[in-house]
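# Turn this into a structure:
(4 chains)
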Protein chains: 2
Amino acid sequence: MDIKQTELGLLLALNALLDHENVSLAAKQIGITQPAMSAQLKRLRDLFNDPLLVPSGRRLVATTRARALQNDLRAHLQGLNALVRDHTVFDPASSETTFRLIGTDYVHAVLAAPVQKMLAAEAPGARAAFLAFDPKTLWSSLEAETADLALATGMSLPEAKRQSALTEDFQVIMSKTHPLARQPMTLEEFCAFPHILVSPEGGGFIGATDRVLKETGHKRRVAISLPSFLLAPALVSSSDALCMMPTRLAKLHEANVACSPSPFPSPVFDVDLMWHPRRQNDPAHKWFRGQVRRLAQGL
Amino acid sequence: MDIKQTELGLLLALNALLDHENVSLAAKQIGITQPAMSAQLKRLRDLFNDPLLVPSGRRLVATTRARALQNDLRAHLQGLNALVRDHTVFDPASSETTFRLIGTDYVHAVLAAPVQKMLAAEAPGARAAFLAFDPKTLWSSLEAETADLALATGMSLPEAKRQSALTEDFQVIMSKTHPLARQPMTLEEFCAFPHILVSPEGGGFIGATDRVLKETGHKRRVAISLPSFLLAPALVSSSDALCMMPTRLAKLHEANVACSPSPFPSPVFDVDLMWHPRRQNDPAHKWFRGQVRRLAQGL
DNA sequence: ATTAGGTATAATCTGAGTGGATATAAAACA
DNA sequence: TGTTTTATATCCACTCAGATTATACCTAAT
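Numbers count the residues shown, from 1 in each chain, chains lettered A, B, ... in the order given. Sure, this is the predicted structure:
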């Protein structure tokens, strides 16, 4: 074991450099200035006797030798990182961590406020960032630690740790002046009005509700497809359309829209907490996901 | 990955501290002074919020938490160490490495001079250290990298890399004035004189030669048992005793003792180079073991 | 040409290590 | 019981590697 302390530091820099192929960004990542990183790169080139990153136009691209280092390098650095994280006590009151949470707009809408309030009370120096949910990049975000936690439904991420957070069903929202606003509606009434459907993937006109209706021989007309639940209340208020909305989210808009129980057994969905197994023993992570779960279950 | 460069350096220090449970030795290992290491220990205690090493009398002993870190810590640091070693070019002419080679006195006797000469010519800044062979600690020495290479016979180290270096047989040495010194001796003459036997383990009076003799119905009298071949020439010179000595070693003493072929088919032994698989791709190690093998085969 | 996006160099500044010494504490010795 | 030995922690003045700020210098795109 003849590696020097300074060389270890250089390896951390190299890892950042390989991640970005960009000196300035790598510098920002590890919290030093660009010239300092440039100097570290020079020392790295000396150490390995290899340019490591060569200019190609105005980009830098990694050499073969540098690429060969990348995987092991990252693995061992992550290992050491996890080591200190897992054995460092976490004190919410003094923490300045940023917790990054991936979720759908539904999740953001129902959890952003409680999380914000919780942090203000328990960890005033910490911050939360809510990131958009994208099933294609979810795992890589957790893997690369650009996000700490995800709240999602029905995702199968075999490598992720998972914990159930809440179960949700739907209610019907409509304009406060809607003819059906006063008392519970019948299934026939429900089907008689135009509907707004929320399809996060965009452009869909058939949802869980339509599948349930079909089983009972009914049918509704979906007039508009929106990419987010957050757009529905405004639209509902200015038309006679109905919209099936997750109950907790509907309750948040009670001031602006009328809210009525589903005239048929509502579809339900489970929202799971998911995270990278690497974070399993990270005290800060343990604390945060515990808080989020508690908040979700208290909704 | 929010670990800082300075923290990585501290981990290297922690590793050394856990290895030695001694600030001064740990400091020496990583090449800083005792006050500097004491300061790093303080920073480590801060980082982990744990004393890590607590005084017990005048020793330091690791806390449970520190112990829990040790294995992963060492593994990842060794991984990073291997990473830079394996991708660093080795230039014999400018190297200041110390190569540590484990071998029996026989190995030392026949190889020390050639290795020394080779280094002087090819790697004048490098040094070689010859360490005593101890079958009980051989593997742990390679594992802990207190030695780089071993030359031994018939050791079975399942995890070690191995390469055959040379095959050796025996000749008979005796005083220059010995009655048998002039011409090849017969087996009967061989058995008529007292013998010196070398038993590295100490105190043995039966060796490979005795087993071979027994098969042909002969027998010799072992008058003295020595722990090292290096002691035999002096003893032989001042008596009429004979000694079976590895041929290459015998040749080294030709100026002082007479040397005669074995009057029966000599036992032979193979000497293998052995090293830790972790060093397999280390350029410096590759170079050195290649040189040693070349020297051994040229003997 | 000029600008935008990036890296490297130059001149200073700073923080951690050094050498050298001391305070302190426990163990070993007498 | 006191004295010596062994070891860690702390102090100081000094040095130096590596940080910073500011600037020069590339290259591609406009």
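# Just to check, A:Q34 is in contact with A:V23?
Yes. A:Q34 is within contact range of A:V23, at 5.9 Å (criterion: C-beta atoms under 8 Å). (Glycine included, C-beta is placed from N, CA and C.)
# Comparing these two, which shows the higher neighbour count?
A:V23 (20 against 14; other C-beta atoms under 10 Å in any protein chain shown).
# That one and A:M37: what is the separation?
5 Å (C-beta to C-beta, to the nearest Å).
# residue nearest the centroid of chain A?
A:I102 (0.7 Å; C-alpha atoms, centre = their mean).
# what separates that one from A:L119, distance-wise?
Counting by C-beta to C-beta, the gap from A:I102 to A:L119 is 17 Å.
# before we move on, what about A:R294?
13 Å.
# Have a look at those two and say which one is more surrounded.
Legend: neighbour count by other C-beta under 10 Å for A:R294 and A:L119, higher for A:L119 (20 against 12).
# Where do the strands of the stretch 1-150 of chain A begin and end?
Secondary structure of the stretch 1-150 of chain A (DSSP state E, counting those that start in this stretch): strands located at A:53-56, A:59-62, A:98-103, A:127-132, A:149-152.
# Adding mean pLDDT, write these out as TSV.
Shown next, in TSV, are these (pLDDT from 0 to 100):
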stretch	mean pLDDT
strand A:53-56	86
strand A:59-62	88
strand A:98-103	92
strand A:127-132	90
strand A:149-152	94
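# could you say what helices and strands the biggest strand by length in chain A packs with?
The residue-count maximum for a strand in chain A (DSSP state E) belongs to strand A:161-174. Other helices and strands packing on strand A:161-174, by 3 or more C-beta pairs under 8 Å, 6 or more residues apart in numbering or on different chains; DSSP states H and E, are helix A:232-237, strand A:242-246, helix A:247-252, strand A:258-261, strand A:268-275, helix A:283-298.
# now that strand against strand A:268-275, angle please.
140 degrees (axes from the mean of the first three to the mean of the last three C-alpha atoms, to 10 degrees).
# Helix or strand next in line after strand A:161-174, which one?
helix A:187-192 (DSSP states H and E).
# Mind listing residues that contact that next one?
Outside of helix A:187-192, the residues within contact range by C-beta atoms under 8 Å, 6 or more residues apart in numbering or on different chains are A:V172, A:L180, A:L213, A:T216, A:H218, A:K219, A:R220, A:L242, A:P263, A:F264.
# For the residue of the stretch 101-250 of chain A at minimum distance from chain B, report the pLDDT, please.
Nearest residue of the stretch 101-250 of chain A to chain B (C-beta to the nearest C-beta) works out as A:E145 at 6.3 Å. In this model, A:E145 is scored at 87, pLDDT.
# Now do the same contact list for it.
A:H276, B:M1.
# Against A:P283, how distant is it?
From A:E145 to A:P283 the distance is 16 Å (C-beta to C-beta).
# A:P265 is in what secondary structure piece?
Using DSSP H and E, A:P265 falls outside every helix and strand.
# Report the residue ranges of every domain in chain A.
A:5-86, A:92-164+A:272-298, A:167-269 (automatic domain parsing).
# Between its first and last residues, how far does stretch A:233-246 reach?
12 Å (C-alpha to C-alpha, to the nearest Å).
# Chain B contacts on the stretch 101-250 of chain A?
Contact residues (C-beta under 8 Å from any C-beta of the partner chain) of the stretch 101-250 of chain A with chain B: A:E145.
# residue ranges with poor pLDDT in the stretch 101-250 of chain A?
A:202-203 (pLDDT under 70).
# need the contact list for the residue of it found nearest DNA strand C.
Residue nearest to DNA strand C within the stretch 101-250 of chain A: A:T146 (18.4 Å; C-beta to the nearest atom of the strand). Listed by C-beta under 8 Å, 6+ apart, the contact set of A:T146 reads A:R100, A:L131.
# List phi and psi for it.
phi -80, psi -10 (degrees, to the nearest 10).
# how close does it get to DNA strand D?
A:T146 sits 23 Å away from DNA strand D, going by C-beta to the nearest atom of the strand, to the nearest Å.
# Equivalent analysis for A:L73, please.
Taking C-beta to the nearest atom of the strand, one finds A:L73 at 18 Å from DNA strand D.
# Run a quick neighbour tally on the closest residue in space to that residue that isn't next to it in sequence.
Leaving aside its chain neighbours, A:L73 sits nearest to A:N15 (5.3 Å; criterion: C-beta to C-beta, 6 or more residues apart in numbering or on different chains). Applying other C-beta under 10 Å, we find 21 residues neighbouring A:N15.
# before we move on, what about the one 10 residues further on?
Burial of A:L25 is recorded as 14 neighbouring residues (other C-beta under 10 Å).
# so what's it up against?
A:A16.
# redo that, cut-off 10 Å
A:L25 makes contacts with A:A16, A:L17, A:D19, A:Q34, A:M37, as judged by C-beta atoms under 10 Å, 6 or more residues apart in numbering or on different chains.
# List only those of those flagged as buried.
A:A16, A:L17, A:M37 (16 or more other C-beta atoms under 10 Å in any protein chain shown).
# Report the contact partners of the first one.
Pointing back at A:A16 there. A:22-23, A:25-32, A:37, A:40, A:77, B:1.
# Remind me which helix or strand the residue nearest to A:P265 when sequence neighbours are not counted belongs to.
The shortest distance from A:P265 to any non-neighbouring residue, by C-beta to C-beta, 6+ apart, is to A:V212 (7.4 Å). Using DSSP H and E, A:V212 maps to helix A:208-215.
# Okay, buried residues for the longest helix along chain A please.
As assigned by DSSP state H, the longest helix anywhere in chain A is helix A:64-86. Buried residues in helix A:64-86, counting neighbours by 16+ other C-beta under 10 Å, are found at A:66, A:69, A:73-74, A:76-86.
# And stretch A:255-270, by the same measure?
Buried residues in stretch A:255-270 (16+ other C-beta under 10 Å): A:V257, A:A258, A:C259, A:S260, A:S262, A:P263, A:F264, A:S266.
# Could you give the number of residues near the nearest residue to the first one once chain neighbours are set aside?
Distance criterion C-beta to C-beta, 6+ apart; nearest residue to A:V257, sequence neighbours excluded, is A:I173 at 4.5 Å. Using other C-beta under 10 Å, the number of residues around A:I173 comes to 29.
# I figured A:I173 was touching A:A258, is that so?
Yes. The pair A:I173 and A:A258 passes the contact test of C-beta atoms under 10 Å, sitting 6.7 Å apart.
# Could you name every residue contacting both of these two?
In contact with both A:I173 and A:A258: A:A181, A:V236, A:S237, A:A250, using C-beta under 10 Å, 6+ apart.
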